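A.B. asks: when you get a sec, could you give me coordinates for this:
(one chain, ligands or ions: 1)
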Amino acid sequence: MSPLLATVEVRRTERLSPSYVRLELGSPDLARFGVDGPLYDQRIKLLLPGPAGLPSLSADSWWADWCAIPEEARGHVRTYTIRDVLGDGEDTRLVVDFVLHPGAHGPGSSWAAEAAVGDRIMLLCPKRGVAFGGIEFVPGDARRLLLAGDETAVPAVASILSLLPEDAVGAAFLEVPVEEDVQSLGGPTGVEITWLPRAGAPIGSSLSAAVLAHLGGGRAPAVSDAEVDPDLWETPTYSSSGEPLSAEGRDGLYAWIAGESKVVTGLRRALVSDLGLNRSQVAFMGYWREGVAMRS
Ligand SMILES: Cc1cc2nc3c(=O)[nH]c(=O)nc-3n(C[C@H](O)[C@H](O)[C@H](O)COP(=O)(O)OP(=O)(O)OC[C@H]3O[C@@H](n4cnc5c(N)ncnc54)[C@H](O)[C@@H]3O)c2cc1C
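C.D. replies: Numbers count the residues shown, from 1 in each chain. Predicted structure coming up:
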């Protein structure tokens, strides 16, 4: 069963703050969009058009079709989070919050920065009744949550917070480029949100310090560039480094951490190696890597 491959149109743009633009992407095809359960950190793939314009792809063989287009013409695939879903039926719109990173241009942020109502791209997202994957927030019966991320993870954390039960307890730490990027987020009162405007400090330094202080640990260990896996993805059910998966229970703390890969690598080492958190209690995801473009 194939995922939903839709050509969507920009229906609305909103410059939220210096680092974010919010786009509403709509299409009658999104009438078939849906997941079985809460969306949480549901990711989607955007197919950003290259010089050849919108490609002709089949949902069953989209990747092979995409790769068959000459590289210089086909554009780029990028991963984003569904921040929210508006409307229903043929008026369904997916809300995506894009981080603008003008210092290091990328096709995703550049497209979002210029996007105007009526622009069209293709995306891959879950189709109702078809397994798609792409939700990593799986707290099980954890009694306490730790959510931590940088600006790229704010849309996911915001969505997770909005869908948590009212009695959820925990803490969320969000590092953003500047004070003006702080948003007002909903969520259970038992989950305390701490915003960490970077204001020129090294990426992840405030986030790492805040998370480790929260857990009563020390400093984040130094990580060399050679040790960073740009595709870092360590969850209870998948290990990009090939570590054995743990089947132990998940009571107590559950930590969901996403952001720049080197920062997340350091936090992972501190939490798993130094503080002894069990693999089944943590999801560590590299959402981007400083100086490295995502692979299409
Ligand atoms: C599961 C998942 C969900 C994600 N959700 C979102 C989301 O909702 N919103 C969002 O904005 N991003 C999200 N990201 C991150 C996004 O995919 C990356 O930031 C991606 O690199 C952006 O593509 P690009 O074409 O703009 O830049 P690329 O072509 O990938 O990179 C070009 C240059 O830009 C730099 N760069 C990339 N991202 C940033 C950044 N944030 N700040 C500074 N420099 C950067 C790279 O290091 C590189 O030097 C998500 C990633 C994953 C894996």
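A.B. asks: dump the residue contacts of whatever residue of the chain ends up closest to the ligand.
C.D. replies: Minimum separation of the chain from the ligand (Cβ to the nearest ligand atom) falls at G106, amounting to 1.9 Å. (Glycine included, C-beta is placed from N, CA and C.) By Cβ atoms under 8 Å, 6 or more residues apart in numbering, G106 lies in contact with R78, A293, M294.
A.B. asks: what helix or strand is the residue nearest to the first one when sequence neighbours are not counted on?
C.D. replies: Counting by Cβ to Cβ, 6 or more residues apart in numbering, G108 is the residue found nearest to R78 once chain neighbours are left out, at 3.9 Å. In this structure, G108 sits in helix 107-114 according to DSSP states H and E.
A.B. asks: run the chain-centre distance for the next helix or strand after that helix.
C.D. replies: Next along the chain after helix 107-114, taking DSSP H and E as the criterion, comes strand 120-125. Centroid separation for strand 120-125 versus its chain: 17 Å, with Cα atoms, centre = their mean, to the nearest Å.
A.B. asks: touching strand 120-125 from outside, list them.
C.D. replies: Contacts for strand 120-125 (Cβ under 8 Å, 6+ apart): 3-10, 25, 30, 33, 44-49, 54-55, 57, 59, 62, 82, 94, 111, 132.
A.B. asks: of those residues, grab the buried ones for PyMOL.
C.D. replies: Here is the PyMOL command that picks out the buried ones among the contacts of strand 120-125, judged by 16 or more other Cβ atoms under 10 Å:
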select buried, resi 3+4+5+6+8+9+10+25+30+33+44+45+46+47+48+49+55+57+62+82+94+111+132
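A.B. asks: of the contacts of strand 120-125, which belong to strands?
C.D. replies: 4-10, 25, 44-48, 94 (DSSP state E).
A.B. asks: kindly indicate which of these lies nearest W256.
C.D. replies: Distance ranking of these against W256, using Cβ to Cβ, places I44 first at 18.1 Å.
A.B. asks: isn't the closest one up against G134?
C.D. replies: Yes - contact criterion Cβ atoms under 8 Å: I44 and G134 qualify, at 7.2 Å.
A.B. asks: which pLDDT value goes with the residue nearest to R78?
C.D. replies: You'll see G108 listed with a pLDDT of 97.
A.B. asks: that one against L47, yeah?
C.D. replies: No - using Cβ under 8 Å, G108 is not in contact with L47; the gap is 10.9 Å.
A.B. asks: give me the common contacts of these two.
C.D. replies: Overlap of the contact sets of G108 and L47 (by Cβ under 8 Å, 6+ apart) consists of H76.
A.B. asks: quick one: contacts of the one helix or strand F173 maps to?
C.D. replies: Using DSSP H and E, the element containing F173 is strand 170-176. Contacts with strand 170-176, where a contact means Cβ under 8 Å, 6+ apart, come from 19, 144-151, 153-154, 157, 161, 182, 187, 190-198, 203-204, 206-207, 210-211, 214, 259.
A.B. asks: what about the ligand: which of those residues touch it?
C.D. replies: Contacts with the ligand within these, counted by Cβ under 6 Å from any ligand atom: E151.
A.B. asks: filter the contacts of strand 170-176 down to the ones in helices?
C.D. replies: Residues of the contacts of strand 170-176 located in helices (DSSP state H): V154, V157, L161, S206, L207, A210, V211, H214.
A.B. asks: list only buried entries from the residues you listed.
C.D. replies: Applying 16+ other Cβ under 10 Å to the ones in helices among the contacts of strand 170-176 flags V154, V157, L161, S206, L207, A210, V211 as buried.
A.B. asks: correct me if wrong: the last one contacts I257.
C.D. replies: Yes - look at V211 against I257 with Cβ under 8 Å: they come within range, at 7.4 Å.
A.B. asks: what is in contact with these two at once?
C.D. replies: Residues touching both V211 and I257 (Cβ under 8 Å, 6+ apart): L146, A148, L267, L271.
A.B. asks: name the nearest residue to A158, ignoring sequence neighbours.
C.D. replies: Counting by Cβ to Cβ, 6+ apart, A158 lies nearest to L185, which is 5.1 Å off, once chain neighbours are set aside.
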